[in-house]
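**Student:** take a look and give me a structure for this.
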Amino acid sequence: SYSFCTLLITIIHKMKSLLIASMLMLCAGGAEAWGGYHRGYRYSLPGDWLWPSDSQFMWFKHFISGEVHVKGDDTYAPYTFSTRTNLPQPAVMVFPDCVRDIQKTLRFARWHNMRISVLSTGHHMDVRNIADNAVHIVMSNFNEKTLIDAGDDKHIQVGPGQTFGEITDFVQEETYGEWVIATGADSTVGPYGWSTGGGHGYLSRKYGLGADHLVSLRVVLTNGRVVTASEHRHRELFRSLRGSGGSAYGITVSMRFKLHPTPEKVTTFFGAFFPQSPDHSALIMQSYHNFISGATKESGGYYLTMGFIPGNPVFIVSFCYGDDCDQHISKLSGIPGCVPGLLPGNCQQNNTDTYYNLVNALAPSAGGNQYTISTSVSADKALDLINTTTAWVLKPETIPMTKFCTQSSVLGGEMKNLDLDGESTSVSPGMRNADIQVTCVGTWADSATVPQREQMVSDMDTWGEATIKPFGTGWVYWNEPQHNFPANDWKERYWGDMSNYNRLFRTKQRYDPWNSITCYHCVGWDFAETVDPAV
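**Tutor:** Numbering: from 1, shown residues only. Next comes the predicted model:
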């Protein structure tokens, strides 16, 4: 048929172009240049002879069962959670319906020598899951939810397009509330990015990090092969996916998580405080410090200094599982000056709460023009850290911006007792051995000029390096990171010492030998390219 002949001519033309390109690259750089892993390897860009023509993009659309949106189409609309930057512009956005779609997409990208970026739910605060001039794979159609009996345990298999809000509701309904899945505190967070970045939340002190709950992952490699990574198969890939963050090794199409028995008794306290004096402010800070310093693996909380609400209130969210909670939570519920109506519970300690009420208590975050600074600390530094971050939030700015800081006291506990030798996960020791993660966020107004925005980012970077970084382990949470690292030490700050990163990079070379899959500051991001893959 005409269509078959056109396709055959296209293939012959591409083989001719590929042969010429390979000869030129061999002449210019030797045999290793065509192999891909060397400094100066160049990926295809618009105008290059390997770049797809309009007709080739059309043919590609024809062979994919899911949606395909090419740059220039009316339906082309890239999405990012944080809108602080100019939006990266991939060449084509693919919404695969099945594994076969992904395999065809990977072949198309390899044939045209194009980079690949992958987005699951898109909830990331640094726009790292989308790249310019890339084949952008959006996994929103992979939304499986299946409960699995595993002897005395229960597992759930989920797709990366699901959110934890949807998964939590499913587990509650299907298990009659008897089992829970460990999640992040925000219901719009997805399971892939959360767990592969380490993952903390309401149950991490009791049961461990998100990476610890992963049982297996089904992954499409860049050569099209589908593998299952677990403790028994592809163990090094499994270790890499449990903590190294981002899609760097392949395209994950499903994950299996271990479920846990639902905590039978939950005590909570939600408090909103408007400090009336320096003494009142000091009392609030000291009370929270006392609470978290005495926290066990059954308890935790969040301390938020809100600079974008008039009066600069402090929000405290605390929880405790089991019978020994009354005296512990009363360290917070006894603080004077709590304002009812702003948070659930109306300033009352609730001794008969449920876990599912707890995870549904707070509204999800909405993204926006955000820039973040983060690190982790031990519990004994909580008070000093609260004082430092509060001073930053309350500091007047000439730039139209708002600020807030969150102390997530959900590290520590049982997670410190897991994976002591670092052989099961690639989580940084800075996360594994900490008690608190602090994240400070600056959000500028739409009226802020570009120079003002640049100044805000620069000021936050300087403050973070000089003040926040020395406070703690130096670790930066993959899912709530700063964009710039003035000391260019992002590898150490995400993954600890360079031995961990180098091990991850060897896995990257094995499973993605063309270095095709990219995201900003992912494993392999700065290797073998002349074009910055992300804005």
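**Student:** where does this structure dip in pLDDT?
**Tutor:** Low-confidence segments of the chain (pLDDT under 70): 1-42, 83-86, 363-364, 366-367, 528-535.
**Student:** name the residue closest to the centre of it, please.
**Tutor:** Asn479 (3.3 Å; Cα atoms, centre = their mean).
**Student:** so what's the residue count around Gly294?
**Tutor:** Counted with other Cβ atoms under 10 Å, the neighbours of Gly294 add up to 12. For glycine as for every other residue, the C-beta is placed from the backbone atoms N, C-alpha and C.
**Student:** about what we covered before: apart from its neighbours in sequence, what residue is nearest the residue nearest to the centre of the chain?
**Tutor:** For Asn479, ignoring the flanking residues on the chain, the nearest one in space by Cβ to Cβ, 6 or more residues apart in numbering is Gly197 at 4.4 Å.
**Student:** look up phi and psi at the one you found.
**Tutor:** phi -90, psi 0 (degrees, to the nearest 10).
**Student:** direction included, what does the helix or strand hosting Val94 pair up with?
**Tutor:** Per DSSP states H and E: Val94 is located in strand 92-95. With DSSP bridges as the test, strand 92-95 is paired with strand 67-70 (antiparallel), strand 135-138 (parallel).
**Student:** I'd like the next helix or strand past that strand.
**Tutor:** Sequence order places helix 99-111 as the next helix or strand after strand 92-95, per DSSP H and E.
**Student:** list the buried residues in that next one.
**Tutor:** 99, 101-106, 108-111 (16 or more other Cβ atoms under 10 Å).
**Student:** quick one, strands of the stretch 401-535 of the chain?
**Tutor:** Assigned by DSSP state E, counting those that start in this stretch, the stretch 401-535 of the chain shows strands spanning 401-409, 436-444.
**Student:** who are the neighbours of the last one, in terms of helices and strands?
**Tutor:** Applying 3 or more Cβ pairs under 8 Å, 6 or more residues apart in numbering; DSSP states H and E, one finds that strand 436-444 makes contact with strand 370-377, helix 382-394, strand 401-409, helix 450-463.
**Student:** adding mean neighbour count and distance to His280, write the strands of the stretch 401-535 of the chain out as JSON lines.
**Tutor:** Output for those, formatted as JSON lines (neighbours: other Cβ atoms under 10 Å; distance: least, Cβ to Cβ, whole Å):
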{"stretch": "strand 401-409", "mean neighbour count": "22", "distance to His280": "19"}
{"stretch": "strand 436-444", "mean neighbour count": "24", "distance to His280": "22"}
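**Student:** mind checking these for the one nearest to Met285?
**Tutor:** Across the strands of the stretch 401-535 of the chain, Met285 has its closest neighbour in strand 401-409 (10.3 Å, Cβ to Cβ).
**Student:** next, the angle from the closest one to helix 450-463.
**Tutor:** Calculated by axes from the mean of the first three to the mean of the last three Cα atoms, to 10 degrees, strand 401-409 forms an angle of 30 degrees with helix 450-463.
**Student:** ok, strand 401-409: who's next to it in the sheet?
**Tutor:** The strands beside strand 401-409 in its sheet (DSSP bridges) come out as strand 299-306 (antiparallel), strand 436-444 (antiparallel).
**Student:** and the last one with helix 382-394, angle?
**Tutor:** What it means is strand 436-444. Going by the same axes, to 10 degrees, strand 436-444 makes 0 degrees with helix 382-394.
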